[in-house]
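Visitor: Kindly generate the corresponding structure for this input.
(chains A and B)
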Amino acid sequence: GESVGLHLPTLSVQEGDNSIINCAYSNSASDYFIWYKQESGKGPQFIIDIRSNMDKRQGQRVTVLLNKTVKHLSLQIAATQPGDSAVYFCAENIAFGNEKLTFGTGTRLTIIP
Amino acid sequence: EAGVVQSPRYKIIEKKQPVAFWCNPISGHNTLYWYLQNLGQGPELLIRYENEEAVDDSQLPKDRFSAERLKGVDSTLKIQPAELGDSAVYLCASSQGQGSLSYEQYFGPGTRLTVT
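Guide: Predicted coordinates for the structure are as follows:
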C-alpha cells in the first residue's frame, strides 16, 4: 500500500481498546474543526466536526473534544477495530461556511489485532 | 451515488514535461477544490471554484500551474513544465457550496504524480 513519511506521528492501539489522537491547531480565530480519516491510496474521509461554541461532540464510536484555551483538539475512538487503521488529520476553518480548510500534520493509527 | 472521480490514478513523467489531471465532482456540488498532498503531510489547497469561477487561487503557483472548470462541472489541473518537486498526490474535492446546509468536502482518491 501507499507509504507515508517516516516523520508522521504514530499511535498503536490494541484492538478493542480506546484511542485518543491529539491535534494542536494554529489559528486562535478558527471557528470550525473537522477530523478526517485517510486510508492508504484513498482521499481523506470526513469523520466528525465541531464548532467553536462547543467543547464536545459525539458520533458513532467517535468523540471530538475542543479546548480553545490551549488550541487543542482531540479525537477519541472507542472500541477500536482493524478498519480504524489509517492516518487521521485535523483541519481548521476560519469560519463555518468559509470552506477554506487548513490541515494539520496527520497521525498514523495502527490497530493491533 | 458516485463519489468524486479523478483520473489518472497514477502518472509518471520526466521533468519539464506537461501533465494534466481530471476531476469529476459529485453531481450537484457547486464548489470544487484542488489540493496538493506531499508525503506524510495534510492536503494543501491550490484552488477553489464556485461553479466556473476561481474564487481562491492564492496558493496556486501560476507560473507553471493552471486550472479550469469551464462549464462549472468537471475540472482540469495542469502543470507545465513539471519539476521534480511537483511529485505528490493531487486531490480533488467537492462540496455543495455557498448557501447550502452542508460544507462537508468529499475527496476523490487522488492522482499520484511522480516526476523523474
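Visitor: Spatially central residue for chain B, please.
Guide: B:Trp34 (2.8 Å; CA atoms, centre = their mean).
Visitor: residues in contact with that one?
Guide: Residues in contact with B:Trp34 (CB atoms under 8 Å, 6 or more residues apart in numbering or on different chains) are B:Cys23, B:Leu45, B:Leu46, B:Ile47, B:Arg48, B:Ala67, B:Ser75, B:Leu77, B:Tyr90, B:Leu91, B:Cys92. No exception for glycine: its C-beta is placed from N, CA and C like everyone else's.
Visitor: Check A:Gln14 too.
Guide: Applying CB under 8 Å, 6+ apart to A:Gln14 gives the contacts A:Thr80, A:Ile111, A:Ile112.
Visitor: Return the nearest residue of chain B with respect to chain A.
Guide: B:Gly40 (2.2 Å; CB to the nearest CB).
Visitor: Please name the bridge partners of residue 67.
Guide: Unless you meant another one, I'm taking chain A. Note on A:Asn67: beta-bridge partners by DSSP bridges are A:His72.
Visitor: switch to chain B, that's the one I care about
Guide: What pairs with B:Ala67, by the bridge criterion (DSSP bridges), is B:Leu77.
Visitor: I'd like the next helix or strand past the lowest-mean-pLDDT helix or strand in chain A.
Guide: Least confident helix or strand, chain A: strand A:101-103 with a mean of 88, by mean pLDDT, DSSP states H and E. Using DSSP states H and E, the helix or strand that follows strand A:101-103 towards the C-terminus is strand A:107-112.
Visitor: average pLDDT across that next one?
Guide: The average pLDDT within strand A:107-112 is 96.
Visitor: what about it and chain B, any contact?
Guide: No: applying CB under 8 Å from any CB of the partner chain, one finds strand A:107-112 separated from chain B by no less than 8.9 Å.
Visitor: before we move on, the earlier item: how many neighbouring residues does the residue of chain B closest to chain A have?
Guide: B:Gly40 is flanked by 16 other residues according to other CB atoms under 10 Å in any protein chain shown.
Visitor: Please list all residues in contact with A:Val64.
Guide: With CB under 8 Å, 6+ apart, A:Val64 has these contacts: A:Phe33, A:Trp35, A:Ile48, A:Asp49, A:Ile50, A:Lys56, A:Arg57, A:Leu73, A:Ser74, A:Leu75, A:Gln76.
Visitor: Can you tell me the element it falls in?
Guide: strand A:62-67.
Visitor: Which residue is the nearest non-sequential neighbour of the residue nearest to the centre of chain B?
Guide: Once flanking residues are discounted, B:Trp34 sits nearest to B:Leu46: 4.5 Å by CB to CB, 6 or more residues apart in numbering or on different chains.
Visitor: same question, B:Phe65
Guide: B:Ile79 is the one closest to B:Phe65 (CB to CB, 6+ apart), at 5.6 Å.
Visitor: There's contact between that neighbour and B:Asp86 in this structure, I believe.
Guide: Yes: counting by CB atoms under 8 Å, B:Ile79 does reach B:Asp86; the two are 5.8 Å apart.
Visitor: Overlap of the contact sets of the two?
Guide: By CB under 8 Å, 6+ apart, the residues touching both B:Ile79 and B:Asp86 are B:Leu113.
Visitor: Which one of the contacts of A:Gln14 is nearest to chain B?
Guide: A:Ile111 (19.8 Å).
Visitor: Just give the number of residues close to the closest one.
Guide: Neighbour count of A:Ile111, defined by other CB under 10 Å: 20.
Visitor: That one is in contact with A:Ala79, isn't it?
Guide: No: under the criterion of CB under 8 Å, A:Ile111 makes no contact with A:Ala79, lying 10.6 Å away.
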